[in-house]
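**Q** can you look at this prediction? I've put the sequence above it.
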Amino acid sequence: MIERGPFHAFIDESIRGRTYRLTSVRVRSKDLAVVTRDVRQRIPKGQRRPHMSDEGKQRRRQILRGFASLEIRATVYETPYAGRGDDKASRDRCLQGLVADVPTLDVVSAVLDTRGELRDRQDRFTLHEAMRTACVERFGFIHRASGDDCLLALPDAIGWAFGRGGEWRRLIEPVTTLREIDELG
């Protein structure tokens, strides 16, 4: 079990029904090379990352069991989602929750899956405001395409499994914590 950092976080979002989830997977700095190598070995030849919706059941189980065996920890930030295609309020709540946890979880940097320049700019504003409010100084972040950082496969797969529930959620439970975020204002 990993407990001491510093950690780097890899972050991806998912929406299922009326629930918005932001999955943050933490990897200890000293474990980055080992975890990166292990994740790369699990990516099928010819792909830049596993696509859980495209994989068969046996392959999904294999991927999730493998990820759950790594020296990682995941937090799923979950909040209500109003629908109508605008997830900004839900995402902002989850990002604020993430930043509030930064000091406790000893996260020093984060890689967020990019969502395009406009939305990435909105994220940066929300993150800077949350850092100011929470008096968090030692936290850097960057947006990258999922194909450019193989560790973004971790929150993608874990978030998918958590959202699907049942057997899939049970496979990643050993490394996953749920943090529910109430609606604000």
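**A** Looks like it arrived, so ask away.
**Q** leaving out chain neighbours, which residue sits closest to residue 88?
**A** Nearest non-adjacent residue to residue 88, counting by Cβ to Cβ, 6 or more residues apart in numbering: residue 122, 6.4 Å away. (Each C-beta comes from the backbone N, C-alpha and C, glycine too.)
**Q** mind listing the strands for the chain?
**A** Taking DSSP state E, the strands of the chain run over residues 7-16, 19-28, 72-80, 107-113, 140-144, 176-180.
**Q** and the ones you listed as TSV, adding distance to residue 43 and mean neighbour count?
**A** Output for these, formatted as TSV (distance: least, Cβ to Cβ, whole Å; neighbours: other Cβ atoms under 10 Å):
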stretch	distance to residue 43	mean neighbour count
strand 7-16	14	22
strand 19-28	16	24
strand 72-80	16	23
strand 107-113	16	20
strand 140-144	16	15
strand 176-180	21	14
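**Q** with mean pLDDT added, can I get these in CSV?
**A** Output for the strands of the chain, formatted as CSV (pLDDT from 0 to 100):
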stretch, mean pLDDT
strand 7-16, 95
strand 19-28, 97
strand 72-80, 96
strand 107-113, 95
strand 140-144, 95
strand 176-180, 96
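**Q** can you put the ones you listed in TSV and add distance to residue 46?
**A** Below are these laid out as TSV (distance: least, Cβ to Cβ, whole Å):
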stretch	distance to residue 46
strand 7-16	22
strand 19-28	24
strand 72-80	25
strand 107-113	21
strand 140-144	21
strand 176-180	29
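**Q** nearest to residue 51, of those strands?
**A** Residue 51 lies closest to strand 7-16 among the strands of the chain, at 12.6 Å (Cβ to Cβ).
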